[in-house]
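Colleague: build me a model:
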Amino acid sequence: MAKIVCVLYDDPEEGYPRDYARAGIPKIDHYPGGQTTPTPENIDFTPGELLGSVSGELGLRKFLEDQGHELVVTSDKEPPDSVLDKELANGAEIVISQPFWPAYLTAERIEKAPNLKLAITAGIGSDHYDLDAAIKKGMTVAEITYSNSISVSEHVVMMILALVRNYLHSYQFVVAGGWNIADCVQRAYDLEGMHVGTVAAGRIGLAVLKRLKPFDVNLHYTERHRLPDSVEKELNLTYHPSVEDMVPVCDVVTINAPLHPETENMFNDELIGKMKRGAYLINTARAKICDRDAVVRALQSGQLAGYAGDVWYPQPPPKSHPWRTMPNHGMTPHTSGSTLSAQARYAAGTREILECWFAGKPIRDEYLIVEGGKLAGAGAHSYSARQDGSRA
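Modeller: Below is the predicted model:
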């Protein structure tokens, strides 16, 4: 019998939903490029249900308990006396966590978890796990690659339009009973003709570029794995060898890169200072790619006309976090990749990984981040070495 600890966000304030706005979700069986969606042997949930909260349990309880395993589901993750810490010390073999409510598996926590063998990210992005410590312990780390990439790319486009068109400010006037057209439009522009660049053009970044092409904008990207010539021509992309080369020409910059030593605090005072005055910055990747206080200063000075994103550090952020109150922002909780549509895919992918794990079968290579004492699969492609030679 294995003990599995699943760390999920809390249920809605009004309780777990009894019905939903829509009767279901579209069925998708593959992603752009041909990778198939998760293919577990079975699922014990209805796609379109709220699965990512505590009561949703990622639809795993029946499957795990029928096999004799123990499932602990909690939202309590803050050290040192959380449910997560207690279960790690008491023999948990598997931890499941979402990027939206991350269970930070630090080196200290991993050291205090004698039986921990597998960490699963229900979603994409496993930087909330200390991958170097996982490598040293011989753990496996896996995530549901591509499960919510399109979800995030749609969120990016929404945020770009919300900032450029000054949607949020205009909406607030309506709610307050006003009709303040001049106040609304004094910061509203057309996206058409602007120069938009993405930092990284992997699954999410490329999906953003594809969705922006119909807006008749000038598209730019920087990426350490350059896109094929055919893609550059199809989307009329301008490639830049570095972020420093790209940002001065862009009116909008969207960050779609993983967090690793090369990207941490990349957008600091110096880099933001190289951007066009009045540019917009979108970050649905990871908060620590941006210097928190540099973003605040840039919005206050007008160097940035707007900043939007749904990633914070830590998550959840304290009520005093300055990104809650800085001017001209469009921040949301970390929701871009946790739509009900995405939840159906990453819950099914989590079950697929568990089915493979318990049956002793290989986990899909594209789901692997760490295996056999080294970066593997998607992890070897997305993460890089620390300067000391270890991995991050």
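
Colleague: what are the buried residues along stretch 117-134?
Modeller: 118-134 (16 or more other CB atoms under 10 Å). For every residue, glycine as well, the C-beta is placed using N, CA and C.

Colleague: can you pull out the helices in the stretch 1-150 of the chain?
Modeller: For the stretch 1-150 of the chain, the helices defined by DSSP state H, counting those that start in this stretch cover 61-66, 83-89, 107-111, 131-137, 149-164.

Colleague: the ones you listed: which one's closest to Gly379?
Modeller: Among the helices of the stretch 1-150 of the chain, helix 131-137 comes nearest to Gly379, with 7.1 Å by CB to CB.

Colleague: which strands or helices does the helix or strand where Val253 lies pack on?
Modeller: Here Val253, judged by DSSP states H and E, is contained in strand 252-255. Counting by 3 or more CB pairs under 8 Å, 6 or more residues apart in numbering; DSSP states H and E, the packing neighbours recorded for strand 252-255 are helix 149-164, strand 195-199, strand 279-283.

Colleague: let me know which of the ones you listed is the nearest to Val208.
Modeller: Within the helices and strands packed on strand 252-255, the stretch nearest Val208 is helix 149-164; the backing value is 4.7 Å (CB to CB).

Colleague: which residues sit against the closest one?
Modeller: Residues outside helix 149-164 that contact it (CB atoms under 8 Å, 6 or more residues apart in numbering) are 31-32, 124, 167-168, 188-191, 194, 196, 203-204, 207-208, 211-212, 252, 254, 256, 280, 282, 284, 305-306, 308-310, 328, 330, 335-339, 341-342.

Colleague: which of these fall within strands?
Modeller: Val196, Val252, Thr254, Tyr280, Ile282, Ala305, Gly306, Ala308, Gly309 (DSSP state E).

Colleague: is it true that the last one touches Ile282?
Modeller: It refers to Gly309. Yes. The pair Gly309 / Ile282 is scored as a contact, 6.2 Å apart, by CB atoms under 8 Å.

Colleague: now do the shared contacts for the two.
Modeller: Joint contacts of Gly309 and Ile282 (CB under 8 Å, 6+ apart) are Met159, Ile255.

Colleague: pipe the ones in strands among the contacts of helix 149-164 into TSV and attach distance to Glu262 and neighbour count per row.
Modeller: Formatted as TSV, the ones in strands among the contacts of helix 149-164 follow (distance: CB to CB, whole Å; neighbours: other CB atoms under 10 Å):
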residue	distance to Glu262	neighbour count
Val196	23	24
Val252	22	26
Thr254	18	29
Tyr280	23	27
Ile282	20	28
Ala305	27	21
Gly306	26	24
Ala308	23	23
Gly309	19	27
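
Colleague: tell me which of those is nearest to Ala182?
Modeller: Closest to Ala182, out of all of the ones in strands among the contacts of helix 149-164 and judged by CB to CB, is Ala305, at 17.8 Å.

Colleague: just checking, which helix or strand of this protein averages the lowest pLDDT?
Modeller: Lowest on mean pLDDT, DSSP states H and E among the helices and strands of the chain sits helix 377-382, with a mean of 90.

Colleague: give me the contact list for that helix.
Modeller: Helix 377-382 is contacted from outside by 126, 131, 141, 143, 145, 202, 225, 258, 260, 364-371, 374, using CB under 8 Å, 6+ apart.

Colleague: give me that answer again for 10 Å
Modeller: For helix 377-382, contacts defined as CB atoms under 10 Å, 6 or more residues apart in numbering pick out 124-127, 131, 134-135, 141-143, 145-146, 200, 202-203, 225, 257-260, 363-371, 374-375, 391.

Colleague: of those residues, which belong to strands?
Modeller: Among the contacts of helix 377-382, the residues falling in strands (DSSP E) are Val141, Ala142, Glu143, Leu368, Ile369, Val370, Glu371, Lys374, Leu375.

Colleague: what angle separates the helix ranked longest in the chain from helix 149-164?
Modeller: In the chain, assigned by DSSP state H, the helix with the most residues is helix 340-359. Helix 340-359 and helix 149-164 meet at an angle of 150 degrees, taking axes from the mean of the first three to the mean of the last three CA atoms, to 10 degrees as the criterion.

Colleague: how about the CA coordinates for helix 340-359, as CSV?
Modeller: This file holds the C-alpha atoms of helix 340-359, laid out as CSV (Å, rounded to 0.1, in the frame of the first residue of the first chain):
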residue,chain,number,x,y,z
LEU,A,340,-12.4,23.2,-16.0
SER,A,341,-11.3,22.2,-19.5
ALA,A,342,-7.7,22.0,-18.4
GLN,A,343,-8.5,20.2,-15.2
ALA,A,344,-10.1,17.3,-17.1
ARG,A,345,-6.8,16.8,-19.0
TYR,A,346,-4.4,17.2,-16.1
ALA,A,347,-6.5,15.0,-13.8
ALA,A,348,-6.6,12.3,-16.5
GLY,A,349,-2.8,12.7,-17.0
THR,A,350,-2.2,12.4,-13.3
ARG,A,351,-4.1,9.1,-13.3
GLU,A,352,-2.2,7.9,-16.3
ILE,A,353,1.1,8.5,-14.5
LEU,A,354,-0.2,6.7,-11.4
GLU,A,355,-1.4,3.7,-13.4
CYS,A,356,2.0,3.4,-15.0
TRP,A,357,3.8,3.8,-11.7
PHE,A,358,1.9,1.1,-9.9
ALA,A,359,2.1,-1.2,-12.8
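
Colleague: thank you, goodbye.
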